[in-house]
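Undergrad: Got a predicted model here, sequence first, then my questions.
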Amino acid sequence: AVMSDVEDQAVPIEKSEAETSEQPEAPVQPASDGTEQKLEVDLEPATDGEAVTTEETTVAAETAVDEPVAPVEQEPEPPVLPQPENTAVETATEPELSKVESQEAHSELTAPTLEEPTEKLGEVEAALVDSLPEDLSREIDSPPPVIKLENGQATMKVSVVKEDGTSETIQVQIKQELLGKPFVGGWRHKESGKEYHNCYVQTLPKRYFIGDAPKNCRETQTVTTKNVRSQTTSDTSTQMTKTGCWVSDRQDKVIIPGQYVTADEKFSYMLKQVIVLQSYFRRWKAQKYVNSIRQDHIRRIEWEKKEEERKRKEKERRLKVEYQRRMQPLTKEDFDLVYHALELWRREEIENINATKSGPERKAALAGLMDEETQLIASIQRHKLIAKQEMGKRSKRKFLEKCAAPKEWIGFDGMPTKMDTPYTMRAKDLKMTYESLEKRYLTREERLDILLQLKLTVKEHDCKLTKDIVELIDREADLLMRGTKESNLEGLRQRISSLFLQYIKTPLFNAEAANLLRVPEDPSSLRKNIYYCRGCGNYLPSTDFELTTNARSIGRCRKCKNLDSEGRLREDFSRYRSLLHSIRSTEEGYNDGSKIIFLLTEADLRYLAENIWGAQSVLSQWEDTYDLTLVRWNRRQEWSPWNCVLLTNEEARAHSKLTKPEEAYGPVFTQKIKYRHILGKQYFSSMPKLADYMSKNLESVNMPLPSNAEKVMYGGKKKEEKISLPPLTEAK
C-alpha cells in the first residue's frame with residue numbers, strides 16, 4: 001500500500017462485518033519470491049454523499065511495502081515512502097491520511113483512465129506523485145496487464161524490475177478461486193480522501209483438519225467461580241475486667257506452664273515407647289508362630305492316625321482277600337498261594353519235630369507229617385479240579401459274550417456308538433441256544449422244544465459234526481419219550497453241549513469266532529518255532545516257554561515249571577506280582593520310553609528285592625513287602641536295576657521330588673546305593689541287549705513296542721484278554 005510517511009495524517013480503515021463478503025476480487029501479480037499480492041489504489045478523493053471508485057492494480061512484490069497491517073484494535077505505523085535523491089518533499093505540506101471506518105464509502109470505486117489529465121489532481125496529489133520513485137510512478141502510470149486465455153488457463157504478462165535496474169517480462173498463470181478476497185483494511189488520505197487498501201495474497205488459506213482426539217480449552221475445563229458472602233450464626237467476643245466494666249471470672253481457668261522438655265528427653269521417651277510397641281509386636285508374632293506350629297503338630301498327629309487306620313484297614317482287607325483265595329482257590333495264583341502256605345506249614349512242623357524229638361520218634365513223626373501232607377495235597381487237587389470246571393464255564397461264557405457283543409466305537413461327538421452286524425446277530429442266536437441247552441430242571445416238553453430248535457439250527461450245514469449232533473439229539477429225544485431218568489442222560493447231554501460248543505467255535509458256522517481263537521486256521525503255521533522241552537520231552541511252540549533275563553538255554557516249558565513248583569519249591573510271587581504292577585504303573589506316568597521294567601518277571605524282581613536290597617527299605621528298614629516299592633534313584637534316567645532304590649510308599653513319594661539325590665542324602669549313603677547298583681548291573685547285564693532285541697523284533701512284525709505296562713502285558717486289553725508276542729527266532 002502506497003501512503004505518506006506522516007504518521008499523524010494516516011488513519012486506518014476499518015471494515016464493517018456486513019460488507020466483508022461483498023468485496024470484489026482484484027487482479028493479483030506474483031512477486032519475485034513466488035507469492036502473489038494484490039494492490040488496491042484509489043486516485044479519486046472520497047467525498048461525503050457520493051460513491052468512491054477504486055482501481056485494483058497488481059504490482060510486483062519489490063514495489064510494495066512489506067509492512068503488515070495490525071488488527072483493528074491496534075494502529076500500526078504507516079510505512080514511509082522512499083524518497084528519490086533529487087526530490088525534496090516538505091513534511092509540512094504532506095497530506096494527512098484518515099482511517100476508513102467502513103467500506104460503504106468505497107464499495108463502488110472506479111479507477112481513473114490513463115487519458116485523464118494530471119491537472120485534475122490537486123496540488124497535493126501532484127506533489128505526492130512527484131515525490132514517488134521513478135519505478136513506482138512508472139508502475140502506477142503503466143496500463144493494467146492484459147489477461148489472455150490459453151488452453152483453458154488464464155495467463156498474464158507482468159514486467160518485473162530487477163535489482164540491477166533491468167526489467168523482465170514474466171508470464172503468470174492466474175489461479176481462479178471461488179473464494180472471495182476478504183477486506184483486510186487500508187488507509188485514507190485526510191486531505192484528498194484517497195484510500196489505500198492492504199493487499200491480500202492469492203493463495204488459499206490453510207486448511208485445518210479436526211481430528212478424533214478431544215480438544216479442550218480453559219473455558220470448558222475451568223469451574224465458574226462465584227463470590228458469595230457468608231455470615232456466622234453467632235458472634236463471639238472476649239472482654240476483660242477494666243475500669244468501668246466488671247466481668248465475672250468464676251468460670252475462668254488458670255493455666256500453669258509445665259516442665260520444659262528437651263529434644264534428647266523427647267527422643268528417649270519416644271525410644272522407650274517404640275521398645276514397648278516392639279515387645280508387644282514380637283510377642284504377638286511369637287504367639288502366632290507357636291500357634292501355627294501347634295496346629296501343624298495337631299494335623300500331623302491326625303494324619304498319622306488316619307494313615308495307621310488306613311494301613312490297618314488295608315492290611316485287614318488284604319488278609320481277608322488272601323484268606324478267601326486260600327479257602328476258594330480258582331486261578332493259578334490262588335493255588336500257588338495255597339501251596340506256599342503248605343510249604344511254610346511243613347517247614348515249621350519239621351523244625352518243631354527236630355527240636356523236640358529224636359531217634360525213632362522223630363522218624364515216626366516225619367512219616368506222620370508226610371501222610372498229612374499227602375492228604376492236604378489230595379484235597380488241594382480236588383479243589384483244583386472243581387476250580388478247573390468253574391473256570392472252564394467262565395471261559396465259555398466269556399467267549400460267547402465276546403462273539404455276541406456288538407461293534408463299538410467312539411463317534412465324532414465323543415459318544416460311544418454300537419452296531420449289530422449279521423455276524424454278531426448270528427453269534428447272539430447261537431449264544432441263546434447254548435444257554436438254553438445248559439439249563440437244568442426243565443420239563444420234558446421244554447427240553448424237546450430246545451432240542452428241536454438246536455436241530456433246526458445245525459441242519460443249515462451238512463458235515464460230519466452236524467450229523468453227529470443231529471444223531472445225538474434224536475437219541476436224547478427218543479430216551480425222553482421212553483421216560484429215562486435225567487441222571488442217566490447227563491453224559492449224553494454233556495456230549496451234545498460239547499459238540500455244539502465246537503460248532504460255535506468253528507469260523508465256518510460262526511464268523512465272529514475267527515477273531516477270538518488262539519489256534520490259527522492254517523495248521524502249517526504250528527510247525528514253525530518248535531522247541532524241545534527237557535522236562536516233559538515234548539516239542540512245543542516258543543510261546544510255551546518262559547525265559548528269564550539270565551537264561552542261557554530254552555530249558556523247561558511252563559507246565560513243567562509249575563509242576564516242579566507245586567512239588568518242591570512251592571514259591572508264591574503274588575506280593576512281587578503286585579509290586580511289579582505298581583512299578584509299571586508308576587513308569588507309565590513318566591512316558592519316556594522305559595523298556596527294562598516291562599521285561600522283568602516276578603522272579604527277577606524277587607531276586608532284585610531280596611538278594612540285592614535285602615527285602616527292606618534302605619532308610620527305615622521296613623520289611624513288609626506290600627508297603628515297599630522300587631523307584632528311580634535319578635528320575636531323569638530310565639528305570640533299571642542300576643537306577644532304582646527300595647523304599648516305602650511314603651519315602652518314595654518324598655524321594656521322587658528330589659532333583660539331586662546325591663546332595664540330599666550325603667556321600668556315605670550315596671556310596672552305599674552305588675554299590676548295590678553295581679551288583680544289579682552285573683546280574684542283569686544282558687537286560688539292555690534283550691530290550692534292544694525285543695524292540696527290533698516287534699518292529700520287524702509291524703508291532704511297535706508299547707510305552708506302558710498294560711499294553712506290554714496285555715496288548716492294551718483287559719487282564720483276561722492276553723495276547724502272545726511273536727515267537728523268538730533263536731534262543732537268547
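TA: Yes, it's here. Numbers count the residues shown, from 1 in each chain.
Undergrad: confidence score at the residue nearest to residue 377 when sequence neighbours are not counted?
TA: Nearest-residue entry for residue 377: residue 342, 7.5 Å, with adjacent residues in sequence omitted and distances by Cβ to Cβ, 6 or more residues apart in numbering. Yep, even glycine has a C-beta here, placed from its N, CA and C like the rest. At residue 342, the pLDDT value in this model is 91.
Undergrad: Equivalent analysis for residue 151, please.
TA: 72.
Undergrad: so how many other residues sit close to it?
TA: By other Cβ atoms under 10 Å, 5 other residues sit near residue 151.
Undergrad: and if you look at the one 4 residues further on?
TA: Neighbour count for residue 155, taken as other Cβ under 10 Å: 15.
Undergrad: again, but for the one 10 residues further on
TA: Taking other Cβ under 10 Å as the criterion, the count of residues near residue 165 is 7.
Undergrad: Now do the SS call for it.
TA: coil (DSSP: H, G, I helix; E, B strand; the rest coil).
Undergrad: check contacts around it.
TA: Residue 165 makes no contacts at all, as judged by Cβ atoms under 8 Å, 6 or more residues apart in numbering.
Undergrad: Quick check: phi and psi on it?
TA: Dihedral pair for residue 165: phi 100, psi -10, per degrees, to the nearest 10.
Undergrad: so where does the residue nearest to residue 377 fall, helix or strand?
TA: helix 332-356 (DSSP states H and E).
Undergrad: which helices and strands sit right next to the helix ranked longest in the chain?
TA: Assignment by DSSP state H gives helix 263-327 as the longest helix of the chain. Packing partners of helix 263-327 (3 or more Cβ pairs under 8 Å, 6 or more residues apart in numbering; DSSP states H and E): helix 332-356.
Undergrad: Touching the helix it packs on from outside, list them.
TA: Residues contacting helix 332-356 (Cβ under 8 Å, 6+ apart): 322, 325-326, 328-329, 362, 365-366, 369, 373, 376-377, 380, 383-384, 387, 562, 565-566, 570-574, 577.
Undergrad: Give me the subset of those that lies in helices.
TA: Reading helices off those with DSSP H, I get 322, 325-326, 362, 365-366, 369, 373, 376-377, 380, 383-384, 387, 562, 574, 577.
Undergrad: coming back round to it: ok, the residue nearest to residue 377 - how many residues close by?
TA: Neighbours of residue 342 using other Cβ under 10 Å come to 17.
Undergrad: Just to check, residue 154 is in contact with residue 147?
TA: Yes: using Cβ atoms under 8 Å, residue 154 is in contact with residue 147, at 5.6 Å.
Undergrad: so what sits against both of those two?
TA: residue 174.
Undergrad: Output the below-cut-off pLDDT ranges for the stretch 551-700 of the chain.
TA: 697-700 (pLDDT under 70).
Undergrad: for it, what spans make up the strands?
TA: 628-632, 644-648 (DSSP state E, counting those that start in this stretch).
Undergrad: Sheet-wise, list the partners of the first one with their directions.
TA: It stands for strand 628-632. strand 644-648 (antiparallel) (DSSP bridges).
Undergrad: Contacts for the strand it pairs with next, please.
TA: With Cβ under 8 Å, 6+ apart as the criterion, strand 644-648 contacts 608-609, 613, 616-620, 622, 627-633, 655, 673, 680.
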